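Asker: the following comprises the amino acid sequence and a computationally predicted model.
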Amino acid sequence: MPAAMLPYACVLVLLGARTAEVLGTAGGGRLRWEPHCQQPLPNRVPVTALLPPRLEGPWISTGCEVRPGPEFLIRSYTFFPNRLFRAYQFYYRDPLCREPAHSLLIKGKVRLRRASWVTRGATEADYHLHKVGIVFHSRRALLDVAGRLSRTQTGRDCAQRLPPARAWLPGALYELLSTRAERDCTAALGFTMHELSLVRVQSHLQPQPPTGPWLVEELYLGDIHTDRAERRHYRPTGYQRPLQSALHHAHPCPACSLIARSDEHHPPVLPGQAALPLRLGGRWVSPGCELRPAVLFLTRLFTFHGHNRSWEGYYHHFSDPACRQPTFTVYAAGHYTRGMPSTKVLGGTELVFQVTRARVTPMDQVTTAMLNFSEPNSCGGPGPWSLGTERDVTATNGCLPLGIRLPHIEYELFKMEQDPLGQSLLFIGQRPTDGSSPDTPEKRPTSYQAPLVLCDRVARDFSRPPQHRPLLQEPLGGGARCPRGALLPLLLLVLRLAFLEWL
Ligand SMILES: *[C@@H]1O[C@H](CO)[C@@H](O)[C@H](O)[C@H]1NC(C)=O
Ligand SMILES: *[C@@H]1O[C@H](CO)[C@@H](O)[C@H](O)[C@H]1NC(C)=O
């Protein structure tokens, strides 16, 4: 595997699923966690992928999304049985999607092609646009878009078809693309719908909304290149955050009905939300199997120790979209800096991460053999690898065959949110789509990956001494909703940590 394929994987935070005997004695003399945090969703809430995907129906964002740039937007797409679709993209000035800037109305046709050979579990599709219209919700938004268009010659022609700012009319729709008029200003604006060329529909039962088990359907569409200049050419190999069916979305979702009711003249204005300060302390896990462009399936588990600003992480890699067939696991650890509010991505916090230590565990024959045959001293010291056995690769400055280089620095963007159930979510910066790592301040992400959920606040991050800590208290920041069925192990874990602390 070329090094470039595993950029971040190896870098930030493969988080800490110290694979463990649940309640047994700590193996090898090392402290071990109970494993309930390490592979949350795949083992617990079964996810069903619909193949071929059924697109029909209304699909909506469940909150404000951030695209590289940054761009803040909300999507609401409807697919009709005759393959036609109508998509709204609502753009905002602010990261909470409260100040609409402009809205796009996009109409066209989409045709599913075949199962993707590149991205297992995805279906490739072709699309055609018939019409793209834009509505400006303020004079300033009109000026912004006209300014963006004016950077190229074709764009300037397009900008001339927009009214001068003083003639801005609320509610007027301007055509950016019309097949009938043979006009296309979308390129000048950097707009594409390539996200429609890779689709996946997934459903699962939400175990415990207020009303009992509930079907949730998700539509995954292709990812957006992190480099704006590449967007028009890039064919997605990963996904964005999924849209949810407007009829079968997770509950509660205060934004959903607002979004489902909106149109280009009435963009949703989301309810205000108190900004959450970044409190990293604790363990954070992927709520499901994640896909990285280029193409990796993985789950992540990170532990941040707020008091000494150190972190450790495990990345569990898999060869399949359900994250059932493990290939290898990387453990990485290091330090991070104090966070600074981002001036570029409002609502985000900038940090710098250092990776100073790493360990690798091959989990299948192919990876074991590959490591076995790697150049001497390119990945761990001398000696053979064996399946399932973890080896430290710090002394060889990482593991070249897996693209892990140590020491390593990453410029990061983080954000915390609370979902409507009060569960804490941690958003970590999107990795550059070209497979490089954000190792300079200029490459710092401007958008986020799928969020991790707080599994529990690590006991040691509580400032009170452990013996005064009520066991099983609601973790600060509300993260109690560990993967289901985890209550007993959690109790034992807390007991055990408390015990170990006092050894
Ligand atoms: C930071 O603190 C945690 C727990 O309190 C400990 O496990 C870890 O080793 C410390 N890290 C460093 C680098 O000192
Ligand atoms: C790795 O190398 C060791 C020793 O050379 C050998 O016993 C083992 O079978 C090899 N494993 C794989 C998967 O190639």
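Answerer: Happy to help now that I have it. Ligands and ions are numbered 1, 2, ... in the order given.

Asker: drop to CA atoms for contacts and neighbour counts, all remaining ones
Answerer: Fine.

Asker: what bridges to the residue nearest to residue 390 when sequence neighbours are not counted?
Answerer: Excluding the flanking residues, the one nearest residue 390 by C-alpha to C-alpha, 6 or more residues apart in numbering is residue 361, at 4.2 Å. Residue 361 has the following beta-bridge partners by DSSP bridges: residue 329.

Asker: check residue 111 too.
Answerer: Under the criterion used (DSSP bridges), residue 111 bridges to residue 126.

Asker: OK, contacts around it?
Answerer: 83, 125-127 (C-alpha atoms under 8 Å, 6 or more residues apart in numbering).

Asker: okay, now the unreliable bits of the stretch 151-300 of the chain?
Answerer: Low-confidence segments of the stretch 151-300 of the chain (pLDDT under 70): 208-210.

Asker: ok, now the chain?
Answerer: In the chain (pLDDT under 70), the answer is 1-45, 208-210, 457-503.

Asker: quick one: the residue sitting nearest the centre point of it and residue 298, what's the gap?
Answerer: Taking C-alpha atoms, centre = their mean, the centroid of the chain lies closest to residue 450, which sits 1.8 Å from it. Going from residue 450 to residue 298 by C-alpha to C-alpha, to the nearest Å gives 12 Å.

Asker: so what sits against both of the two?
Answerer: Jointly contacting residue 450 and residue 298 under the rule C-alpha under 8 Å, 6+ apart are residue 290.

Asker: ok, back up a step: mind checking how far the residue nearest to the centre of the chain is from residue 46?
Answerer: 19 Å.

Asker: one step back: mind putting the contacts of residue 111 into JSON lines with neighbour count and distance to ligand 1?
Answerer: Output for the contacts of residue 111, formatted as JSON lines (neighbours: other C-alpha atoms under 10 Å; distance: C-alpha to the nearest ligand atom, whole Å):
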{"residue": "83", "neighbour count": "14", "distance to ligand 1": "54"}
{"residue": "125", "neighbour count": "18", "distance to ligand 1": "48"}
{"residue": "126", "neighbour count": "13", "distance to ligand 1": "50"}
{"residue": "127", "neighbour count": "18", "distance to ligand 1": "51"}
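
Asker: quick one: which of those residues is nearest ligand 2?
Answerer: residue 125 (38.3 Å; C-alpha to the nearest ligand atom).

Asker: related to what we said a few turns ago, hmm, the residue nearest to the centre of the chain is touching residue 239, no?
Answerer: No. If you go by C-alpha atoms under 8 Å, residue 450 and residue 239 don't touch, sitting 9.6 Å apart.

Asker: ligand 1 versus the residue nearest to residue 390, what's the distance?
Answerer: From residue 361 over to ligand 1 the distance is 21 Å, taken as C-alpha to the nearest ligand atom, to the nearest Å.

Asker: hang on, that residue packs against residue 388?
Answerer: Yes. Counting by C-alpha under 8 Å, residue 361 touches residue 388, with 5.8 Å between them.

Asker: higher neighbour count, those two?
Answerer: residue 361 (21 against 16; other C-alpha atoms under 10 Å).

Asker: what's the distance between that one and residue 434?
Answerer: Residue 361 is 26 Å from residue 434, by C-alpha to C-alpha.

Asker: same question for residue 332.
Answerer: Residue 332 is 22 Å from residue 434, by C-alpha to C-alpha.

Asker: and for residue 58?
Answerer: In terms of C-alpha to C-alpha, residue 58 sits 32 Å off from residue 434.

Asker: contact partners for the residue nearest to residue 390?
Answerer: Contacts of residue 361 (C-alpha under 8 Å, 6+ apart): 328-330, 387-391.

Asker: same thing but at 7 Å, please
Answerer: For residue 361, the contact set (C-alpha atoms under 7 Å, 6 or more residues apart in numbering) comprises 328-330, 388-391.

Asker: could those be laid out in JSON lines, adding distance to residue 272?
Answerer: Below are these laid out as JSON lines (distance: C-alpha to C-alpha, whole Å):
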{"residue": "328", "distance to residue 272": "42"}
{"residue": "329", "distance to residue 272": "40"}
{"residue": "330", "distance to residue 272": "39"}
{"residue": "388", "distance to residue 272": "48"}
{"residue": "389", "distance to residue 272": "49"}
{"residue": "390", "distance to residue 272": "46"}
{"residue": "391", "distance to residue 272": "48"}
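
Asker: highest neighbour count among these?
Answerer: Ranking the contacts of residue 361 using other C-alpha under 10 Å puts residue 330 first, with 30 neighbours.

Asker: wouldn't that residue be in contact with residue 313 here?
Answerer: No. Counting by C-alpha atoms under 7 Å, residue 330 stays clear of residue 313, with 8.1 Å between them.

Asker: what residues does the stretch 251-400 of the chain put near ligand 1?
Answerer: Listed as neighbours of ligand 1 in the stretch 251-400 of the chain under the rule C-alpha under 6 Å from any ligand atom: 305, 308, 310.

Asker: excluding its backbone neighbours, what's nearest the last one?
Answerer: Meaning residue 310. residue 335 (4.1 Å).

Asker: where does this protein get nearest to ligand 2, which residue?
Answerer: residue 369 (3.7 Å).

Asker: which SS state does that residue fall under?
Answerer: helix (DSSP: H, G, I helix; E, B strand; the rest coil).

Asker: all helices of this structure, in order?
Answerer: 40-44, 139-149, 153-160, 186-189, 254-260, 365-372, 487-501 (DSSP state H).

Asker: now do the shortest one: which elements does it pack against?
Answerer: For helix 186-189, the contact count by 3 or more C-alpha pairs under 7 Å, 6 or more residues apart in numbering; DSSP states H and E identifies helix 139-149 as packing neighbours.

Asker: rewinding a little: and the nearest residue to the residue of the chain closest to ligand 2 once chain neighbours are set aside, how far from ligand 1?
Answerer: Leaving aside its chain neighbours, residue 369 sits nearest to residue 385 (7.8 Å; criterion: C-alpha to C-alpha, 6+ apart). Look at residue 385 and ligand 1: by C-alpha to the nearest ligand atom, they are 26 Å apart.

Asker: surely residue 385 meets residue 366?
Answerer: No. Using C-alpha under 7 Å, residue 385 is not in contact with residue 366; the gap is 11.4 Å.
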